[in-house]
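Colleague: Predicted model and sequence follow; I will ask about them next.
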Amino acid sequence: MSEGDDAPAAEGRPPSREGRKWSVTATIAIATSVIALAAGGVGLLFKVDPAAEPCIGGPSASFVDGPVFPETRGEYGKVSQQREAYKGPSLGAEVRATVDVNNLRGHLIEIDDTLLGVGAGGAIDRVVGDIQEFGARTEVASSCSWRGGFDVFVEPTSGLSPRKKYRIVLELYQGLRQPKTGANRLALFETPEFRG
C-alpha cells in the first residue's frame, strides 16, 4: 500500500456543492434586499422632494381647457386682485387656461394670445389688432409633470362689440417666444367662439 492509499477517502472528493448553493442563494437574497431598500428610499425621496426626480424624455405640453368669460376690465381687476392694473368699463374677455407640461422642470413657460374675429358660419374673419398688452404671462414649471393655470385678459383698445363673435388663440412656448419663427411653441389652443 502506498501513502496515498492511507489517506481518508473524503480528501479525494471534490468539495460539496451544498455550501456554495447556500452562499449563492444568500448573496442573491441580500442583493435583492439592498436593491429593494434603495428603490424604496429613492421613491420616498421623490415623494418628499419632487424636484429631485429626474425628467426623462423630451419636452411636451398640452392645453387641458380654456373657458372664456367676457367681462369688463374693472370686473377682471376684482377677480384677479389687480384692481390698479385693470380699471375702466371697456369690455374684454378672460380665458382661464389649464396646461399640462412635461419634462420642463425649472424652465420658463410663456403664454401668448391672439384675438380673432369670427365671420359667417363660424369661419375666422381676421386678427383683431390694436390689443391692449399687459406683458407676457410666464410661469416656471416646478416638477417634471406640471399642471398649471394661466389667467389671460384680452381686449381691443375699443373693447369688444356685443354684436360680434370672437375666438382667442393661446400659444404655449418653452421659454420666451422666438421672434419671427416661434419655433419653440409646444402647444396651441383655440377657444370656442363667444360674443362680446
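Modeller: Received it, and whenever you're ready, just let me know what you need.
Colleague: Quick check: the gap between the spatially most central residue of the chain and V127.
Modeller: The residue lying closest to the centre of the chain (Cα atoms, centre = their mean) is V101, at 1.6 Å. Taking Cβ to Cβ, to the nearest Å as the measure, V101 falls 26 Å from V127. C-beta coordinates here come from the backbone N, C-alpha and C atoms, glycine included.
Colleague: can you confirm I35 is in a strand?
Modeller: No: under DSSP: H, G, I helix; E, B strand; the rest coil, I35 sits outside any strand and is assigned helix.
Colleague: Just give the number of residues close to it.
Modeller: For I35, the count of nearby residues is 10 (other Cβ atoms under 10 Å).
Colleague: can you check T191 too?
Modeller: 22.
Colleague: contacting residues around it?
Modeller: G66, P67, V68, V95, R167, I168, V169, L170 (Cβ atoms under 8 Å, 6 or more residues apart in numbering).
Colleague: Phi first, then psi, for T27.
Modeller: phi -60, psi -40 (degrees, to the nearest 10).
Colleague: Got the confidence number for it?
Modeller: On the pLDDT scale, T27 is placed at 79.
Colleague: And it, how close does it get to V34?
Modeller: Distance from T27 to V34, by Cβ to Cβ: 11 Å.
Colleague: Over to E110?
Modeller: Taken as Cβ to Cβ, the span from E110 to V34 is 45 Å.
Colleague: now swap in L116 and tell me
Modeller: 60 Å.
Colleague: Which one's more surrounded, those two?
Modeller: Between L116 and V34, counted using other Cβ under 10 Å, the more crowded position is L116 (18 against 10).
Colleague: sorry, back to before: could you look up the next helix or strand downstream of the host helix or strand of the residue nearest to the centre of the chain?
Modeller: If you go by DSSP states H and E, V101 is part of strand 91-102. Counting by DSSP H and E, the element after strand 91-102 in chain order, helix or strand, is strand 108-118.
Colleague: The nearest residue to I56 once chain neighbours are set aside: how many residues sit nearby?
Modeller: Once flanking residues are discounted, I56 sits nearest to N103: 7.2 Å by Cβ to Cβ, 6 or more residues apart in numbering. Residues near N103, counting by other Cβ under 10 Å, number 18.
Colleague: In this model G57 seems to touch N103, though I could be wrong.
Modeller: Yes: using Cβ atoms under 8 Å, N103 is in contact with G57, at 5.2 Å.
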